[in-house]
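Student: Fold the following.
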Amino acid sequence: MAEEHTTRPLFRNGAGSAALTLGIIALVCAFVPFIGDFVAVPTGVAAVVCGWVGVGRDEKGMATNGREAMIGAALGGAAMFVVFVAYAATVV
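Tutor: Alright, predicted model coming up:
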């Protein structure tokens, strides 16, 4: 009797996980006065991009963590907003 090997699909959840991690780092660093500006903006942009990729993969069925990707993108966007508000408050 031959054995049947069923393989489960391999999901590509890396972008969503990276988005969440980068979003948390960006939001925490956004509240650090001087150095946070130089860290929060690039990591915030990376979180938004990874979140966008992760949500796209979730919609195509290639990933299972679309909610995680969306939260990471939102946190990255919030971090960039905090940096923008802090910059606008200190320059004006």
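Student: For stretch 12-25, buried residues please.
Tutor: For stretch 12-25, the neighbour count (16 or more other Cβ atoms under 10 Å) marks 12-13, 15-25 as buried. C-beta here means a position set from N, CA and C on the backbone, and glycine is covered the same way.
Student: how distant is the helix or strand that Gly56 is a member of from the center of its chain?
Tutor: In the assignment (DSSP states H and E), Gly56 maps to helix 35-60. Mean C-alpha position of helix 35-60 versus that of the full chain (Cα atoms, centre = their mean, to the nearest Å) differs by 4 Å.
Student: One more: stretch 58-72?
Tutor: Centroid separation between stretch 58-72 and its chain, computed with Cα atoms, centre = their mean, is 11 Å.
Student: Ends of that stretch, what's the gap?
Tutor: Counting by Cα to Cα, to the nearest Å, you get 14 Å between the two ends of stretch 58-72.
Student: again, but for stretch 58-74
Tutor: In stretch 58-74, first residue to last residue: 16 Å (Cα to Cα).
Student: what do you get for stretch 25-45?
Tutor: Start-to-end, stretch 25-45 (Cα to Cα) is 12 Å.
Student: And for stretch 56-65?
Tutor: By Cα to Cα, the extent of stretch 56-65 from end to end equals 11 Å.
Student: Kindly indicate whether the residue most central in space within the chain is helix, strand or coil.
Tutor: Of all residues in the chain, the one closest to the mean position by Cα atoms, centre = their mean is Ala19, 1.9 Å from it. Following DSSP: H, G, I helix; E, B strand; the rest coil, the label given to Ala19 is helix.
Student: Report the contact partners of it.
Tutor: Ala19 sits next to Ala47, Val48, Cys50, Gly51, Val53, Gly54, Glu68, Ala69, Ile71, Gly72, Ala73, Gly76 when contact means Cβ atoms under 8 Å, 6 or more residues apart in numbering.
Student: Count the neighbours of the closest residue to the first one other than its chain neighbours for me.
Tutor: The spatially closest residue to Ala47, leaving aside those adjacent along the chain, is Gly76, at 2.8 Å (Cβ to Cβ, 6 or more residues apart in numbering). Using other Cβ atoms under 10 Å, the number of residues around Gly76 comes to 30.
Student: No further questions, thank you.
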